[in-house]
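Asks: 3D, please:
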Amino acid sequence: MGIPPLVLDELQGFMRRGILPPGGSVAEIGSQEIHCHDDPAAVKRLLQAGGVDADDDLTARLARGGGARELFTLMGFRYASFDIDGMFGAEQLDLNFDSVPERELGRFDLVTNNGTTEHLANQVNAFRFIHDLTRLGGVMHHVLPFTGYLTHGLVNYTPKFFWMLCKSNGYELLSMRTYVKEELERINTAEVLDAPGEPAGELSFQDSCLIVAMRRMSSAAFVPPVDGDLSKAPERIRRHYLAPEAESGLDVGLYRLRAEEFGPEYAARFRAWLASPSVEALAALEAAYAACASRFPASADLAAGIDLSGPLLGLGWGLAETNALGQKWRWIGPSGESSLFVNQAGGPPAELWTRIHTAAGESLYALRVDVDGTPAENQTIERRGDAFHHRCVLPGRGGAVCIRYRLEGGNGKTGAPGNLIALADVGVRP
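Replies: Sure thing, here's the model as predicted:
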């Protein structure tokens, strides 16, 4: 697979617009090399945009089939690629069958598909792989065969495929355009197909590519597009086109993130819940999760502040979402209780501030916080600028802490349906 000048120019645009921020992360589907033999200046332009003053020798070497890994790492980006051949340092995975390694789930600002998925038969797995690599608010960029390319890959793509992909997964379609090669191609079908009884003939065609950029707007699991009416289909069919979150209201990805780290017993309970998402299976899963979480150090540190839309060590959370303004939030789950396992530095008591993104009705004033099972002291709702915050006192203790957010109704009972209140971030202040 190769990256032509037009893709490098697109990458410059992503950098200018902040889609690929300085020090950001890039994942590529396929072991990519650079194909800019006729336009090495495209490589130089991109490196300069990334703050690299490259000499002509380096530029020429990269342009003539250099690895994309070197190009991106020179500009300070975290880089990963995945392919069956392992070339250019790609992690060897079969994109027809394998899943994203758990350590890489939702970690990348930009995920590129520069002419890889057309070589795969399992399109559902391939596009799920891309989805699972992309962080909330991250962008998926595709450069794929549209017309022609009759002997290139297994499939070509249509605009409708990507429109339906956006509809099924709530992606924001950022751009879609075509690139058409000027020359006309001809092939002899008998020579290409080499099949007994196949009539010989000549086909004329023109190659063109479809170039598409989409933004992931929700942490929901991948849903394959379907070109048909599902309204009369039985439940056993319809459920394939609903994210698991549609049944549970929970962010399934947060439970999947820890399957490898927490070990085989937890992983088995996770699979059992996915196969049969009953209340009993969820209770068993969350009990196993809580037991494991208490033995594993939390990576999130309150002193640095925690973006609640990102990967969390926590239970009962709903989906994370973003919008075109770059605002991010995560819903308290459908039970009305969501827990967060964090690290707390030792010292005197401190104020815990939680920024509230959205609150429906009176839910703003029903928000409560417990710390290690005990209601926090001095709980209030305060407005600072354009945002409301929940403020309380965090006891002075060090180590792992469980912070539980809960919605308390007027009748004194805890529990409320999901999508009533969404939280943005949390941190401590002395």
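Asks: can you give me phi and psi for P4?
Replies: Dihedral angles phi and psi of P4 (degrees, to the nearest 10) take the values phi -90, psi 170.
Asks: what does the model give it for pLDDT?
Replies: Here the pLDDT value assigned to P4 is 90.
Asks: What pairs with the longest strand seen in the chain, parallel or antiparallel?
Replies: The strand that spans the most residues within the chain, counting by DSSP state E, is strand 134-147. Applying DSSP bridges, strand 134-147 is found paired with strand 108-114 (parallel), strand 208-215 (antiparallel).
Asks: so where's the protein uncertain?
Replies: 1, 188-201, 297-300, 409-418, 430 (pLDDT under 70).
Asks: ranges for the helices of it?
Replies: For the chain, the helices defined by DSSP state H cover 5-16, 41-49, 56-63, 68-74, 123-133, 159-169, 189-193, 235-238, 244-248, 252-256, 259-262, 264-275, 279-293.
Asks: Does the third one pack against any helices or strands, and if so which?
Replies: When you say that, I think you mean helix 56-63. If contacts are counted by 3 or more CB pairs under 8 Å, 6 or more residues apart in numbering; DSSP states H and E, helix 56-63 sits against helix 41-49. Where C-beta positions appear, they are placed from N, C-alpha and C, glycine not excepted.
Asks: quick one: contacts for the nearest residue to L274 once chain neighbours are set aside?
Replies: The shortest distance from L274 to any non-neighbouring residue, by CB to CB, 6 or more residues apart in numbering, is to P244 (6.3 Å). By CB atoms under 8 Å, 6 or more residues apart in numbering, P244 lies in contact with A221, V252, L274, P277.
Asks: what about the closest residue to G2 other than its chain neighbours, distance to R429?
Replies: In space, and not counting its chain neighbours, G2 is closest to H35: 3.4 Å by CB to CB, 6+ apart. In this view, H35 and R429 are 52 Å apart by CB to CB, to the nearest Å.
Asks: Comparing these two, which residue is more hemmed in?
Replies: Higher neighbour count among H35 and R429: H35, with 20 against 12, using other CB atoms under 10 Å.
Asks: Relative to M176, which of the strands paired with strand 134-147 is closest?
Replies: strand 208-215 (4.9 Å; CB to CB).
Asks: hmm, back to that, give the contact list for the residue nearest to G2.
Replies: Contacts of H35 by CB under 8 Å, 6+ apart are G2, I3, P4, G65.
Asks: Could you export those as a markdown table, including distance to F296 and neighbour count?
Replies: A markdown table is the format used below for those (distance: CB to CB, whole Å; neighbours: other CB atoms under 10 Å):
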| residue | distance to F296 | neighbour count |
| --- | --- | --- |
| G2 | 42 | 15 |
| I3 | 39 | 26 |
| P4 | 45 | 19 |
| G65 | 44 | 12 |
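Asks: export those residues to a markdown table and tack on distance to P334?
Replies: Converted to a markdown table, those look like this (distance: CB to CB, whole Å):
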| residue | distance to P334 |
| --- | --- |
| G2 | 47 |
| I3 | 44 |
| P4 | 47 |
| G65 | 52 |
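Asks: And these, which is closest to G50?
Replies: Of those, the one sitting nearest to G50 (CB to CB) turns out to be I3, at 14.4 Å.
Asks: shouldn't the closest one be in contact with R69?
Replies: No. With contact defined as CB atoms under 8 Å, I3 does not reach R69; the gap is 11.4 Å.
Asks: Just give the closest residue to Y171, not the sequence neighbours.
Replies: M214 (4.2 Å).
Asks: mind listing what that neighbour touches?
Replies: M214 makes contacts with V139, M140, H142, F162, L165, C166, Y171, E172, L173, L174, as judged by CB under 8 Å, 6+ apart.
Asks: What of S294?
Replies: Counted by CB under 8 Å, 6+ apart, S294 has contacts F341, A400.
Asks: cool, R16 as well?
Replies: Residues in contact with R16, defined by CB under 8 Å, 6+ apart, are A49.
Asks: What distance do you get for it to T59?
Replies: Applying CB to CB to R16 and T59 gives a distance of 20 Å.
Asks: what do you get for S231?
Replies: 56 Å.
Asks: okay, these two: which has more neighbours?
Replies: Remark: of S231 and T59, T59 carries more neighbours, 22 against 6, as counted by other CB under 10 Å.
Asks: Test my guess that that one contacts K44.
Replies: Yes. Using CB under 8 Å, T59 makes contact with K44 at a distance of 4.6 Å.
Asks: quick revisit: put together a markdown table for the strands paired with strand 134-147, with distance to Q344 on each row.
Replies: Output for the strands paired with strand 134-147, formatted as a markdown table (distance: least, CB to CB, whole Å):
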| stretch | distance to Q344 |
| --- | --- |
| strand 108-114 | 29 |
| strand 208-215 | 34 |
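Asks: Among those strands, show me which one is buried the most.
Replies: Stretch with highest mean neighbour count among these: strand 108-114 (a mean of 25; mean count of other CB atoms under 10 Å).
Asks: With only the CA atoms kept, save that strand in CSV.
Replies: Taking Å, rounded to 0.1, in the frame of the first residue of the first chain, the C-alpha atoms of strand 108-114 are listed here in CSV:
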residue,chain,number,x,y,z
PHE,A,108,-5.8,7.4,18.0
ASP,A,109,-6.6,10.9,16.7
LEU,A,110,-6.3,9.8,13.1
VAL,A,111,-6.8,6.4,11.6
THR,A,112,-6.0,6.0,7.9
ASN,A,113,-7.1,3.4,5.3
ASN,A,114,-5.0,4.2,2.3
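Asks: how far off helix 5-16 does it point, in degrees?
Replies: 170 degrees (axes from the mean of the first three to the mean of the last three CA atoms, to 10 degrees).
Asks: just how off-centre is strand 108-114 within its chain?
Replies: How far strand 108-114 lies from its chain's middle: 10 Å, per CA atoms, centre = their mean, to the nearest Å.
Asks: can you check stretch 115-134 too?
Replies: Relative to the chain's own centre, stretch 115-134 is displaced by 13 Å; criterion: CA atoms, centre = their mean.
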